[in-house]
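# Next come a sequence and a model predicted from it.
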Amino acid sequence: MDTIDLDRAFAAITEPWSPRIAGELNGQQVRLARLRGSFVWHHHEHEDEMFLVHRGRFVMEFRDRRVEVRAGQFLIVPRGIEHRPVADDGDAEVILFEPASTLNTGSAPDDPRTIRVPRRLDDAGA
């Protein structure tokens, strides 16, 4: 039951698209991720995802529209909806709330950025 200092935690996460587990509750994980550039188009068959921006901004692309998400805002992507996060204006620091079973690349498991077992925030300093 320790607090997490988000500024300090994000300072230790330098690699984009490599989420770190910051906490767990009720089968859900709180993951911290640095977004940079464009991610892969994908969807999650069984999981909803919540993206809360701590610092920066990104655009969530859907096949029919784009939604900008800025610091202090969040967006929930319902299960089954194809999406792609894009952070083209520098890094976005994002807090993700999702079931522990969620694969970061969802329906694109062969993407080179797939993280099958996310590291914990305290592993190797970040």
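That came through fine.
# neighbours around the residue lying closest to Ala33 once chain neighbours are set aside, how many?
Setting aside the residues directly before and after it, Ala33 is nearest to Pro19 in space (C-beta to C-beta, 6 or more residues apart in numbering), at 4.1 Å. Backbone N, C-alpha and C define where each C-beta goes, glycine included. By other C-beta atoms under 10 Å, 24 other residues sit near Pro19.
# wait, what's in contact with Pro19?
Residues near Pro19 by C-beta atoms under 8 Å, 6 or more residues apart in numbering: 31-33, 96, 104, 115, 118.
# What ranges does this protein have for its strands?
20-25, 28-38, 49-55, 57-62, 65-70, 74-77, 83-99, 119-120 (DSSP state E).
# Just send those strands back as JSON lines, with mean pLDDT too.
Formatted as JSON lines, the strands of the chain follow (pLDDT from 0 to 100):
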{"stretch": "strand 20-25", "mean pLDDT": "96"}
{"stretch": "strand 28-38", "mean pLDDT": "97"}
{"stretch": "strand 49-55", "mean pLDDT": "98"}
{"stretch": "strand 57-62", "mean pLDDT": "98"}
{"stretch": "strand 65-70", "mean pLDDT": "98"}
{"stretch": "strand 74-77", "mean pLDDT": "98"}
{"stretch": "strand 83-99", "mean pLDDT": "97"}
{"stretch": "strand 119-120", "mean pLDDT": "94"}
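# That'll do, ta.
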